[in-house]
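Participant: need the 3D shape of this:
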Amino acid sequence: MKIEELSPKTLLTLSEFRRAAGIPLFLAHKLIVWGLISAVKMADGTYRVAETEVASTKKFLKNPWRKTKLFIKALGPGLITGAADDDPSGIGTYSSVGAKFGLGLLWAAFWLLPFMMAVQETCARIGIVTNKGLSGVLKKHYKKIVVAFFIVLLITANIVNIGADISAMAASLKLLIPINFILAAIIFAAFIIIIEVAIPYRLYAKFLKWLTLFLFSYIITGFIIHPAWLDIFKQALVPNLKFNNDFLFAMIAVFGTTISPYLFFWQTSEEVEENNITSESGEKVNLTDRTAVMRTDVKTGMFLSNLVMFFIIFTTAQVLFKNGITDIDSAQQAALVLQPLAGNQAFLLFALGIIGTGLLAVPILAGSGAYALAELMGWREGLNKKFSVAKSFYLVIILSILIGLGLNFVGISPIKALYYAAFLNGVVAAPLLFVIMIVGNDKNIMGSETHPGWVKLFGWAAFIFSSLSIIALIFLKYVKI
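Facilitator: Next up is the predicted model:
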């Protein structure tokens, strides 16, 4: 459908058009691609839009539901990456923190947001400019053994996360229907392998995108419990730091869960996938427009991720911590304890959220490690390729999921291992952040697309915060004053 035929009047650049229409640049671009706005493609691949399209676009998007639906449809890797940050293991970590410390770490949801936006924009920018995944870029500019060390840690932490996520999903399903835990875990693992390996990337990306809707179950749960909003916002804005082992360990675990190394690799690789899809379709998008589209996408994903983190921490703080329940080992345990204290609706939404976010996150955990290892080894890789073309890449995905599944059957508690995996992520994130910030500001790699000022500020702040937290914990643990 076309809104109207192109008028011979003055042509606007895409940036001018989106400002006049009052919509984000990435949505304006997508409306053209979908044929909802008439435009002229110039020789350099950019678009020009007639002034008459402004009024008709405003009229077309006047319906808020239609505008919201198109906005979500237009989002891509940034939204999926942000949503994957709130996987069942992350939900378990946030629930544990809320139960143990009350609102004491709620400030992290607010103050970590600009850090996350800066870091993920840097990763996305690297993928867009170089058209390589993060591992491929690092391999080209740093020693292979150093990159391999990071990838081993990445895949190890990812497998533990996968095991914990599958465990949480199976346990949550068991809370809802009478099913054997082992059978449920096997069904989830098999289903995830099939959708990631067999479904074409375009369809698979849409599937992941709509799974993000499960995150809203935690926001709804937060309103159901009728929280004390004044206390919540006060605690969210004013950091409350405690210099003891338990608090610092929890803070690093939250940091490692929120700013996770696997998200660095996934974000970069998915921007490359999007570039490849655009190239295959014959569409040309200039670097400035592509970067602007990415920025809105990333900010939306990170905002959603931290909003959910905010609601999970304060929900468990208001319901569990206030009732003296301070020891929560998992997300599904939090859901079960919520039932008598906050009602069946809160319990149901919490449990369904665990299953939905697990279906979203496990493929990304497995995929990020596969991208990283394949780029390091020079294998063919990409979810847009068939299994027969990229066997090694897909085998890493399959083995990661199967080993994660196996952790549930060999006496290793994925939930206990998870908390330490989150801590490990926090430790690994620090040196990776340093390298990413160096790469993103290297003109030999990035050309004119180096960090903007705000990304430099918050990206380096994330590195400093992570490093100082780890140093403080080591000092408190091993140095006696």
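Participant: chain center to stretch 319-329: distance?
Facilitator: Remark: stretch 319-329 is offset 27 Å from the chain centroid, using CA atoms, centre = their mean, to the nearest Å.
Participant: give me the buried positions along that stretch.
Facilitator: 319-321, 325, 328-329 (16 or more other CB atoms under 10 Å). For glycine as for every other residue, the C-beta is placed from the backbone atoms N, C-alpha and C.
Participant: which of those residues fall in helices?
Facilitator: residue 319 (DSSP state H).
Participant: can you list the buried residues of stretch 319-329 in JSON lines and add distance to residue 104 and pLDDT?
Facilitator: Below are these laid out as JSON lines (distance: CB to CB, whole Å; pLDDT from 0 to 100):
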{"residue": "319", "distance to residue 104": "16", "pLDDT": "82"}
{"residue": "320", "distance to residue 104": "13", "pLDDT": "83"}
{"residue": "321", "distance to residue 104": "9", "pLDDT": "85"}
{"residue": "325", "distance to residue 104": "15", "pLDDT": "80"}
{"residue": "328", "distance to residue 104": "15", "pLDDT": "74"}
{"residue": "329", "distance to residue 104": "19", "pLDDT": "67"}
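Participant: which one of the buried residues of stretch 319-329 sits closest to residue 109?
Facilitator: Ranked by distance to residue 109 (CB to CB), the buried residues of stretch 319-329 are led by residue 321 at 15.8 Å.
Participant: and the closest one, what does it touch?
Facilitator: 98-103 (CB atoms under 8 Å, 6 or more residues apart in numbering).
Participant: just the residues you listed now: which is nearest residue 298?
Facilitator: Comparing the contacts of residue 321 against residue 298 with CB to CB places residue 98 closest, at 26.3 Å.
Participant: run through the stretch 101-250 of the chain and note the low-pLDDT ranges.
Facilitator: For the stretch 101-250 of the chain, the stretches with pLDDT under 70 are 201.
Participant: tell me which stretches of the stretch 51-200 of the chain form helices.
Facilitator: Using DSSP state H, counting those that start in this stretch, the helices assigned to the stretch 51-200 of the chain run over residues 52-60, 64-74, 77-84, 88-101, 107-111, 113-130, 134-141, 144-176, 181-198.
Participant: so which of those comes closest to residue 400?
Facilitator: Short answer: helix 144-176, nearest of the helices of the stretch 51-200 of the chain by CB to CB, at 5.5 Å.
Participant: returning to that earlier point: what is the most widely separated pair among the buried residues of stretch 319-329?
Facilitator: Top of the distance list for those (CB to CB): 319 and 329, 16.4 Å.
Participant: tell me which stretches of the stretch 301-450 of the chain form helices.
Facilitator: Under DSSP H, counting those that start in this stretch, the stretch 301-450 of the chain gives helices at 331-342, 344-377, 391-406, 414-440, 443-446.
Participant: before we move on, back to that, okay if I get the buried residues of stretch 319-329 as JSON lines plus distance to residue 52?
Facilitator: Listed next are the buried residues of stretch 319-329 as JSON lines, based on distance: CB to CB, whole Å:
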{"residue": "319", "distance to residue 52": "55"}
{"residue": "320", "distance to residue 52": "57"}
{"residue": "321", "distance to residue 52": "58"}
{"residue": "325", "distance to residue 52": "61"}
{"residue": "328", "distance to residue 52": "58"}
{"residue": "329", "distance to residue 52": "61"}
